[in-house]
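# Model the structure of this input:
(one chain, ligands or ions: 1)
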Amino acid sequence: MAGHVAQLEPTHGTAEIAHRQGRLEQLDHKPLLVFWETTKACPLSCKHCRATAIDTALPDELSHTESLDLLNQIAEFGKPAPILVMTGGDLMVRTDTFSLIRYARDLGIRVAISPAVSPLLNETNAKRMFEYGVRSVSISVDGIGATHDGVRGKQGHYESTLATIAMLTGIGYTVQVNSTVMRTTVNDLPKLAATLIGLGVQVWEVFFLIQVGRGTDLLELLAEENEDVARFLYDVSQYGMLVRTVEAPLFRRVATNLRNSTGEVTDVLPAGSLYRQLSNQLLTLMGQPTHKPKAPAVATRDGKGIVFVSQSGEIFPSGFLPLSLGNVKTDSLVDVYRNNPLLKQIREADFQGRCGICEYRDLCGGSRSRAFTEYANPLAEDPACAFVPSSSSAHAPHN
Ligand code: SF4
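Okay, the predicted model is just below:
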């Protein structure tokens, strides 16, 4: 299945970003993106699957009628409606996917999809969805060759995934690739970046693994390594592909400081050995940068610009923050998004620990999901970030 929930949106230029910045002020009233886990059913069995996908749908999955009601609720946010990202499991497993996409389109809702790469994602179905107005699709690629196959649990899946990406770009889709960075995939990042750029992928969204049960299987990178990966991703964004992160908003701090550098880089940790290894490989593969950096400009986070609806209709701040705020079967999605106390605190950057005193708490704000996983407190500091805010007793490292 799609290994993580994509923050999928079309590639955008300066005018679009400015437009979106304006919309940021409205984020108390309306998210930019509604993620809907249409089903847990999926033909794949990925190791780090957020949805812990299964073969067949669960009995409490939203029915067709309940799904139509969800789409009506999304439209009630007002025009322009949030973008709906249909994810899973695999949305292609549902028999009513096409009619749901059509219904959303008729309500004026833009739909993006995050399907699994399986025989159901064939050219016929892809063209049909394109005819129904879908323009953005996200596909998961977690490494080169056997690395990807190992994560996805299927030999040969890497090759079929690359072929699917080529098919989708050929139809005219904006293709986003989602990748998970963890200890077993981090060394593949330079070659993966070069491969995706070569395929014409427009957006690369890199999910920094959140591991439940830490200490048993140390797949997550250290905070200092995350800083190195963020630096590297900023380099990658200088080859024409927009780069974003999921559950690593510290990337916005790093990118903002590197972009605004006047020679002296502040508020980014000194480059470490992992960065040097990754950036040297990238330079060997790609040569000197060809474009201005394309890194994130919009400060969204779990519950701020983003909301998630599970296959059973439960409402969450994101797909990685398992704190139910209500259920669309009985509660209004609009009301929950606008008035839930936790979402208000998240939008107001009312955080604790380092994130609570950090000068980047609005631009970044840390991963609320990782804070919850680590401390059972969604407002706690993000342990994946190594930055020390200047208003704390210590000072931020400079280089
Ligand atoms: S301390 Fe928190 S808000 Fe500040 S940069 Fe790190 S994760 Fe972001």
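
# all contacts plus neighbour counts: C-alpha atoms, from now on.
OK.

# Isn't His148 up against Tyr158?
Yes: the criterion here is C-alpha atoms under 8 Å, and His148 meets it with Tyr158 at 5.9 Å.

# Now Ala75: phi and psi?
Phi and psi for Ala75, reported as degrees, to the nearest 10, are phi -60, psi -30.

# For the closest residue to it other than its chain neighbours, the count of nearby residues, please.
In this structure, Ala75 finds its nearest non-sequential neighbour in Ala81, 5.6 Å apart by C-alpha to C-alpha, 6 or more residues apart in numbering. Around Ala81 there are 19 other residues, counting by other C-alpha atoms under 10 Å.

# And Pro190, by the same measure?
24.

# who are the neighbours in contact with it?
Leu278, Ser279, Gln281, Leu282, Leu285 (C-alpha atoms under 8 Å, 6 or more residues apart in numbering).

# name the element it belongs to?
Taking DSSP states H and E as the definition, one finds Pro190 inside helix 189-199.

# Now do that helix: distance to the chain's middle.
18 Å (C-alpha atoms, centre = their mean, to the nearest Å).

# Show me what the very next helix or strand once past that helix is packed against.
Sequence order places strand 203-208 as the next helix or strand after helix 189-199, per DSSP H and E. If you count contacts as 3 or more C-alpha pairs under 8 Å, 6 or more residues apart in numbering; DSSP states H and E, strand 203-208 packs onto strand 174-181, strand 242-246.

# Please list the residues of the stretch 201-350 of the chain that sit near the ligand.
Contacts of the stretch 201-350 of the chain with the ligand, taken as C-alpha under 6 Å from any ligand atom, map to Leu250, Arg253.

# what about the strands in the stretch 201-350 of the chain?
Here the stretch 201-350 of the chain has its strands, by DSSP state E, counting those that start in this stretch, at 203-208, 242-246, 301-302, 305-309, 314-316, 326-327.

# So for Ala349, what's the pLDDT?
Each residue has a pLDDT score; the one for Ala349 is 94.

# do the same with Ser367
Confidence score, pLDDT, at Ser367: 96.

# Repeat that for the one 10 residues further on.
Among the per-residue scores, Asn377 holds a pLDDT of 97.

# which non-adjacent residue is nearest it?
For Asn377, the closest residue by C-alpha to C-alpha, 6+ apart turns out to be Ala371, at 6.1 Å.

# quick one: low-confidence ranges for the stretch 51-200 of the chain?
51-54 (pLDDT under 70).

# Where does it get nearest to the ligand, residue-wise?
Nearest to the ligand, among the residues of the stretch 51-200 of the chain, is Val181, at 17.2 Å (C-alpha to the nearest ligand atom).

# Just list whatever residues bridge to that residue.
Phe208 (DSSP bridges).

# Now do the same contact list for it.
Asp142, Val206, Phe207, Phe208, Leu209 are the contacts of Val181 under C-alpha under 8 Å, 6+ apart.

# hang on, the last one packs against Arg183?
No: judged on C-alpha under 8 Å, Leu209 makes no contact with Arg183 at a distance of 9.4 Å.

# of the two, who's got more company?
Each of Leu209 and Arg183 has its neighbours counted (other C-alpha under 10 Å); Leu209 has more, 21 against 14.

# Tell me the pLDDT of that one.
Leu209 is assigned 92 on the pLDDT scale.

# Alpha carbons of the helix or strand harbouring Gly170, in PDB - could you do that?
Assigned by DSSP H and E, Gly170 belongs to helix 157-171. Written as PDB, here are the backbone C-alpha positions of helix 157-171 (Å, rounded to 0.1, in the frame of the first residue of the first chain):
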ATOM      1  CA  HIS A 157       8.000  -4.400  -7.300                       C
ATOM      2  CA  TYR A 158      10.700  -1.700  -7.800                       C
ATOM      3  CA  GLU A 159      10.700  -2.200 -11.600                       C
ATOM      4  CA  SER A 160       7.000  -2.200 -11.900                       C
ATOM      5  CA  THR A 161       6.800   1.000  -9.800                       C
ATOM      6  CA  LEU A 162       9.200   2.800 -12.100                       C
ATOM      7  CA  ALA A 163       7.200   1.600 -15.100                       C
ATOM      8  CA  THR A 164       4.000   2.900 -13.400                       C
ATOM      9  CA  ILE A 165       5.500   6.300 -12.800                       C
ATOM     10  CA  ALA A 166       6.500   6.500 -16.400                       C
ATOM     11  CA  MET A 167       3.000   5.500 -17.500                       C
ATOM     12  CA  LEU A 168       1.400   8.200 -15.200                       C
ATOM     13  CA  THR A 169       3.700  11.000 -16.300                       C
ATOM     14  CA  GLY A 170       3.000  10.000 -19.900                       C
ATOM     15  CA  ILE A 171      -0.700  10.500 -19.300                       C
END
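
# tell me which residues of it are tucked away?
Neighbour-count burial for helix 157-171, counted by 16 or more other C-alpha atoms under 10 Å, picks out His157, Tyr158, Thr161, Leu162, Thr164, Ile165, Ala166, Met167, Leu168, Thr169.

# Over to stretch 124-137?
Buried residues in stretch 124-137 (16+ other C-alpha under 10 Å): Ala126, Lys127, Met129, Phe130, Tyr132, Gly133, Val134, Arg135, Ser136, Val137.
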